[in-house]
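Colleague: attaching a predicted model along with its sequence, questions to come.
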Amino acid sequence: MIAAIFPGQGSQKPGMGQSLYEGSEAARHVFEHVSDCLHTDVAKLCFESDEETLRATQNAQIALFTCGVAAYRALETEGYRAEVFAGHSIGEYAAHVCAGNIPLEVGAPLVRKRGNVMAEAGKTRPGTMAAVLGLDADVIQEALKQVSGVVVIANDNCPGQVVISGEVEAVAAAGPVLTEAGAKRVLPLNVSGAFHSPLMNMPSKEMARSLATVDFAFGKPVYSNVTAEPVENPCTWNDLLEQQLRDSVRWTASVRNMINDGVTQFIECGVGEVLCGLIKRIDKEVPSRAVYDMETLRAAN
């Protein structure tokens, strides 16, 4: 059983998606459709922007969403069909489109809204994030109880790689505590806000208003970042995607659950191979590959 997975913020880079745009009619159609929906040139954003421009949350999210859907549509033309789907943070929106839960013209405005409210939140209530290497999530969770202020686990990416998020002072104070607990390194991340933390409470409420207007279909299963499980009732997706902004991304548990449910191969669709690297650390026995340009598309076939 094949799982299609879609990367999150941090995977973006200049020139992303250009090879697929030029070589795959299906991928090019995705870029054009998203551009029409948002009245903006998404191809220009992805192909011509520098790293700083793409790092901006509102730009990174729509670029990653578009490239993820484009890569999967290109894969479909080669005969690939995933049975289950998952996405890391913003990648979950691409997963929903490709799983048939929402159409592209519904997903694109939601992604733009999400990027805008998250970028604004970083200005009105500043926060930050840090990667913690060499400690598992349960040890980190216990150690963070010693830290004053808001600091929580934002992403449980794989064994030994966890991201924390919260108030600037609290995240800084957590560094020595986590080092004392056994962390090999605590690395500050260059981000514009405390994503997947309580500092996202206000933008999550704004997002809830947009999500409330969406009727999710019951397409193929998508594993939720919040629950790490496939969702059986499509009516719950509105709440889960709102919660996703302020709750932890349970990626390790999601991957393990997909494997336990019968997934035998992962295909990362979009930009780079970050998720493939995480999967190798979660379960090195299960193969994974990435599709992000024409060369990797041909290799998948």
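Modeller: Looks like it arrived, so ask away.
Colleague: helices along this structure, start to end?
Modeller: Applying DSSP state H to the chain gives helices spanning 18-23, 25-38, 42-48, 51-55, 57-77, 91-99, 104-124, 137-143, 168-180, 201-211, 237-244, 251-260, 274-282, 294-300.
Colleague: elements contacting the third one?
Modeller: The one in question is helix 42-48. Where contact means 3 or more Cβ pairs under 8 Å, 6 or more residues apart in numbering; DSSP states H and E, helix 42-48 is packed against helix 18-23, helix 25-38, helix 51-55, helix 57-77. From N, CA and C alone the C-beta is placed, and that goes for glycine too.
Colleague: how far does it sit from the chain's center?
Modeller: 20 Å (Cα atoms, centre = their mean, to the nearest Å).
Colleague: likewise for stretch 83-92?
Modeller: Its chain's C-alpha centre and that of stretch 83-92 lie 7 Å apart, by Cα atoms, centre = their mean.
Colleague: quick one: closest of the helices of the chain to residue 229.
Modeller: With Cβ to Cβ as the measure, helix 251-260 is the member of the helices of the chain nearest residue 229 (6.2 Å).
Colleague: could you tell me which residues within that closest one count as buried?
Modeller: 251-255, 257-259 (16 or more other Cβ atoms under 10 Å).
Colleague: would you format the residues you listed as TSV with pLDDT and distance to residue 17 included?
Modeller: TSV is the format used below for those (pLDDT from 0 to 100; distance: Cβ to Cβ, whole Å):
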residue	pLDDT	distance to residue 17
251	97	23
252	96	28
253	96	30
254	97	25
255	97	25
257	97	29
258	97	25
259	97	29
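Colleague: farthest pair in the residues you listed?
Modeller: 251 and 259 (12.7 Å).
Colleague: rewinding a little: in terms of mean pLDDT, which of the helices and strands packed on helix 42-48 ranks lowest?
Modeller: Lowest mean pLDDT within those: helix 51-55, a mean of 88.
Colleague: quick one: contacts of stretch 202-218?
Modeller: If you take Cβ atoms under 8 Å, 6 or more residues apart in numbering as the criterion, stretch 202-218 is touched by 96, 100-102, 106, 109-110, 113-114, 117-118, 120-121, 124-125, 234-235, 237-239, 241-243, 245-246.
Colleague: redo that, cut-off 7 Å
Modeller: Residues outside stretch 202-218 that contact it (Cβ atoms under 7 Å, 6 or more residues apart in numbering): 100-102, 106, 110, 113-114, 117-118, 121, 234, 237-238, 241-242, 245-246.
Colleague: next, the buried residues of that stretch.
Modeller: Neighbour-count burial for stretch 202-218 flags 203-204, 206-207, 210-211, 214, 216 (criterion: 16+ other Cβ under 10 Å).
Colleague: and it, C-alpha only, in PDB?
Modeller: Provided in PDB are the C-alpha atoms of stretch 202-218 (Å, rounded to 0.1, in the frame of the first residue of the first chain):
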ATOM      1  CA  MET A 202      -5.900  33.700  17.900                       C
ATOM      2  CA  PRO A 203      -5.000  32.800  14.300                       C
ATOM      3  CA  SER A 204      -6.500  29.300  14.800                       C
ATOM      4  CA  LYS A 205      -9.800  31.000  15.700                       C
ATOM      5  CA  GLU A 206      -9.600  33.100  12.500                       C
ATOM      6  CA  MET A 207      -8.800  30.000  10.600                       C
ATOM      7  CA  ALA A 208     -11.900  28.300  12.100                       C
ATOM      8  CA  ARG A 209     -14.200  30.800  10.500                       C
ATOM      9  CA  SER A 210     -12.800  30.000   7.100                       C
ATOM     10  CA  LEU A 211     -12.900  26.300   7.700                       C
ATOM     11  CA  ALA A 212     -16.500  26.400   8.900                       C
ATOM     12  CA  THR A 213     -17.600  27.300   5.300                       C
ATOM     13  CA  VAL A 214     -16.000  24.100   3.900                       C
ATOM     14  CA  ASP A 215     -17.700  20.800   3.300                       C
ATOM     15  CA  PHE A 216     -15.100  18.000   3.400                       C
ATOM     16  CA  ALA A 217     -15.900  15.000   1.200                       C
ATOM     17  CA  PHE A 218     -15.000  11.400   2.300                       C
END
